[in-house]
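In: Sharing a sequence plus its predicted fold:
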Amino acid sequence: MSGPGRSKAANGWLLSAPALLLLLVAASGPLLIVAVYSFLEKGDYSGVRWILSGEAWFRVLFERDIFDGTVSLADANLSIFWRSVKLSLATTFITFALGLPTAWFIATRPPKARAVWLFLITIPFWTNLLIRTFAIMEVIRNQGLLNTFLINLGVISEPIQILYTDTAVLIGMAYVYLPLMVLPLFAAIDRFDFKLIEAGYDLYATRWRILRSVVLPIIKPGIVAGCILVFVPSLGAYVTPRVLGGGKNMMIGNFIELQFGQGQNWPLGAALSMVLLVIVMGALLIYTRVSSRDDPHA
Amino acid sequence: MSEEHAVVAQNVGKVYGTGAAAFTALGDISIAIRKGEFFTLLGPSGCGKTTLLRCIAGFETPTSGAILLSGRDITGVPPNQRPVNTVFQSYALFPHLTVAENVGFGLKMQGKSKAEIDAAVDRVLGLVKLEPFATRLPAQLSGGQQQRVALARALAPEPEVLLLDEPLSALDLKLRKAMQVELKRLQTETGITFIFVTHDQEEALTMSDRIGVMSAGALLQVGSPHEIYEKPVDRFVADFIGETNFLEGEARADGVEIAPGVVLPVTGHAGPVTLAVRPEQLRIGPPGEGLEAEVAEAVYMGTDTHFTLTLAGGPQVVARVQSRAGPEPRVGDKVGVSIDAAAVQVLAE
């Protein structure tokens, strides 16, 4: 007979077993496979050969000339990484700049109107990402809504080429991820005590100083959460750069897909996936650092 | 009336909304608050006292009239350019800043040097006896301590006028009493003009140099606690401040007849009047001395006893008599009630 304490612990394990099993099989398992694949040799057409090799990791950063074997930095890979990070940061910044006033607006409405506005913000989640992306495409393509409108207005005479540029990817991602920024910002502003603004105003602060020294520091957890929620999926974005960026303006997600598809280099694809994972983990680490440092109860 | 006055309100009115939905928060308030004075705006909730305070702070702009600070018209000046600071009812301390940073906030925004800020913060924290808590966050303090941080934060920039919006209402009775004494001490030590808003008449009477009693957006009476208590101008003021007996009567040549045949020797009036008498001004004696009365109720309160007396002819009054050893009148006893004519207030109808 085991004591009541032990049986309680055993019960706990038993109850969490399905969740743990699912986590193990569905999350950790595949991750382990990807990690293992990145250290194997590539198969002739696809798949892997079970021979230990560092070639894939080498190819992440370097390339070997096919004729004389000289080693140089893999500019193409690096530029894709850089573009991904750059576009993700820009997306985060744009969604923050648009999301903060939006969240502020919603949080300062009367309760009934607030519910309506929040409802409107969540509507895009009901529609498939691909469809939303094609909708943006319809707006920005050469014969699309935006160009037709500007030409009819006489602002421009020739359509502006937006589609298949980094700008198009940026617009698309900002559109898709904006709600993920607005919601945590709203939650933070909703809890904000607006009396503090009066207190700041009373104590000789200008409006700008109140924003910088009172509002932003207090809603920082919401800002950090929103930025992470936008930055992480932006970095791994696949559909939006594929549809709006065309074939040339790849991001990491597309590049990884390429290795598993046409490129027929599974180990390289696996290694790139691990790199993406490391960048995301890094971002999350910064998040926990920043958010725990200012927690008064920490 | 400008130089010796810290704040002057000239015909200040505040109306919210327009047309049929318009709500008049302040009627037509004129008031002059002297430099270095502890002035209290007293009234029930919704009487407009907080609105007037917010007009002085700059959070609200009056729809009519002007507000002068040391003779200068500041009606349209934003709060961050007025040398006036507020202690908020909810304290509104910055939760992400330490006590010292909260207290130094105003000075920092004024662009003072770090040395100046540190010196002022030390001095003010000493004034409110919070030096050991300088590095704490507001959430780590008790309600009373937070209250003193709010006070220190508003005092640190040495404003010309300190506005206090019911700052003691969240404290328990004992702490509130202690803070009343503390506030009065701070005001005397700093010499800053305090404008204090409260609905608690006792608080107003204990601390103030002068009190302004407000009701329904109007200022009814301004005066020292003595004047307000002893010579209330109307029934509302008399009723709001302390306990009062009201007696309706008809003024005649020989006095005021409050019941058929019962005449109080208060002369110099005519027609129907209301008399106000404080319970402690009534004296109870043996039957035959003064007016005839019967004890309807006796409530022992410790230091004194409250007697409800039915006067001959019907009207009831409450008398407060200091408890003493020996027999006291009991319910049903016939007694005599004497009223000092000088202590009777004749109120305007």
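Out: Everything's here; your move. Remember, it's a predicted structure, so these values are computed and weren't measured experimentally.
In: how far away is residue A:244 from residue B:202?
Out: 71 Å (C-beta to C-beta, to the nearest Å). Bear in mind the C-beta positions are built from the backbone N, C-alpha and C, glycine included.
In: Show me the helices in the stretch 101-250 of chain B, by range?
Out: Under the criterion DSSP state H, counting those that start in this stretch, helices of the stretch 101-250 of chain B are mapped to B:114-127, B:143-155, B:173-190, B:201-207, B:225-230, B:235-240.
In: Which of residue A:244 and residue B:202 has more residues huddled nearby?
Out: residue A:244 (27 against 13; other C-beta atoms under 10 Å in any protein chain shown).
In: if we can go back for a sec, redo the helices of the stretch 101-250 of chain B as JSON lines? Include mean pLDDT.
Out: Listed next are the helices of the stretch 101-250 of chain B as JSON lines, based on pLDDT from 0 to 100:
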{"stretch": "helix B:114-127", "mean pLDDT": "94"}
{"stretch": "helix B:143-155", "mean pLDDT": "93"}
{"stretch": "helix B:173-190", "mean pLDDT": "89"}
{"stretch": "helix B:201-207", "mean pLDDT": "90"}
{"stretch": "helix B:225-230", "mean pLDDT": "90"}
{"stretch": "helix B:235-240", "mean pLDDT": "88"}
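In: quick one: what helix or strand has residue B:346 in it?
Out: Applying DSSP states H and E as the criterion places residue B:346 in strand B:345-347.
In: Parallel or antiparallel, list what pairs with that strand.
Out: strand B:271-277 (antiparallel) (DSSP bridges).
In: Pull the distance from the partner strand to the chain's centre.
Out: 25 Å (C-alpha atoms, centre = their mean, to the nearest Å).
In: Return the set of buried residues in that strand.
Out: Neighbour-count burial for strand B:271-277, counted by 16 or more other C-beta atoms under 10 Å in any protein chain shown, picks out B:273-277.
In: for stretch B:45-60, same thing?
Out: By neighbour count on 16+ other C-beta under 10 Å, the buried set for stretch B:45-60 is B:47-60.
In: measure the spatially most central residue of chain A to residue A:110 for me?
Out: For chain A, the residue nearest the mean C-alpha position is residue A:233 (2.3 Å; C-alpha atoms, centre = their mean). Per C-beta to C-beta, residue A:233 is found 33 Å from residue A:110.
In: What are the boundaries of the helices in the stretch 101-250 of chain A?
Out: Going by DSSP H, counting those that start in this stretch, the stretch 101-250 of chain A shows helices at A:111-122, A:129-140, A:145-153, A:166-190, A:195-202, A:207-210, A:216-218, A:220-235, A:239-244.
In: Report the backbone C-alpha coordinates of the second one in CSV.
Out: Put plainly, it is helix A:129-140. Extracted C-alpha coordinates of helix A:129-140, given in CSV (Å, rounded to 0.1, in the frame of the first residue of the first chain):
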residue,chain,number,x,y,z
LEU,A,129,-4.9,32.9,-44.2
LEU,A,130,-4.6,32.1,-47.9
ILE,A,131,-7.8,33.8,-48.8
ARG,A,132,-6.9,36.9,-46.8
THR,A,133,-3.5,37.0,-48.5
PHE,A,134,-5.2,36.8,-52.0
ALA,A,135,-7.5,39.6,-50.9
ILE,A,136,-4.5,41.8,-50.2
MET,A,137,-3.1,40.8,-53.6
GLU,A,138,-6.3,42.0,-55.2
VAL,A,139,-5.9,45.4,-53.6
ILE,A,140,-2.2,46.0,-54.5
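In: Show me what it is packed up against.
Out: Counting contacts by 3 or more C-beta pairs under 8 Å, 6 or more residues apart in numbering or on different chains; DSSP states H and E, helix A:129-140 packs against helix A:145-153, helix A:166-190, helix A:239-244.
In: again with the first one
Out: Taking 3+ C-beta pairs under 8 Å, 6+ apart as contact, the helices and strands that helix A:111-122 lies on are helix A:75-107, helix A:166-190.
In: ok, back up a step: just the helices of the stretch 101-250 of chain B: most buried one?
Out: Mean neighbour count (mean count of other C-beta atoms under 10 Å in any protein chain shown) peaks for helix B:143-155 among those, with a mean of 23.
In: how near is the closest residue to residue B:108 other than its chain neighbours to chain A?
Out: Closest residue to residue B:108 apart from its sequence neighbours, by C-beta to C-beta, 6 or more residues apart in numbering or on different chains: residue B:117 at 5.9 Å. Using C-beta to the nearest C-beta, to the nearest Å, residue B:117 is found at 12 Å from chain A.
In: So which bits of chain B are right by chain A?
Out: By C-beta under 8 Å from any C-beta of the partner chain, the residues of chain B that approach chain A are B:57-59, B:78-81, B:84-86, B:88, B:90, B:92-96, B:105-106, B:109-110, B:137, B:139-140, B:153-154, B:157.
In: ok, of the buried residues of stretch B:45-60, which one's closest to residue A:88?
Out: residue B:59 (42.0 Å; C-beta to C-beta).
In: Thought residue B:79 was touching that closest one, still the case?
Out: Yes. Residue B:59 lies in contact with residue B:79 (C-beta atoms under 8 Å); the separation is 6.0 Å.
In: Now do the contacts for residue 193.
Out: The chain I'm using is chain A. By C-beta atoms under 8 Å, 6 or more residues apart in numbering or on different chains, residue A:193 lies in contact with B:90, B:92.
In: was after chain B, sorry
Out: For residue B:193, the contacting residues are B:6-7, B:33-37, B:39, B:160-162, by C-beta under 8 Å, 6+ apart.
In: Over to residue A:103?
Out: Remark: with contacts taken as C-beta under 8 Å, 6+ apart, residue A:103 is in contact with A:181-183, A:185-186, A:188-189, A:222.
In: picking up where we left off before, please convert the helices of the stretch 101-250 of chain A to CSV, extending it with mean pLDDT.
Out: Below are these laid out as CSV (pLDDT from 0 to 100):
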stretch, mean pLDDT
helix A:111-122, 92
helix A:129-140, 91
helix A:145-153, 90
helix A:166-190, 94
helix A:195-202, 95
helix A:207-210, 95
helix A:216-218, 94
helix A:220-235, 92
helix A:239-244, 90
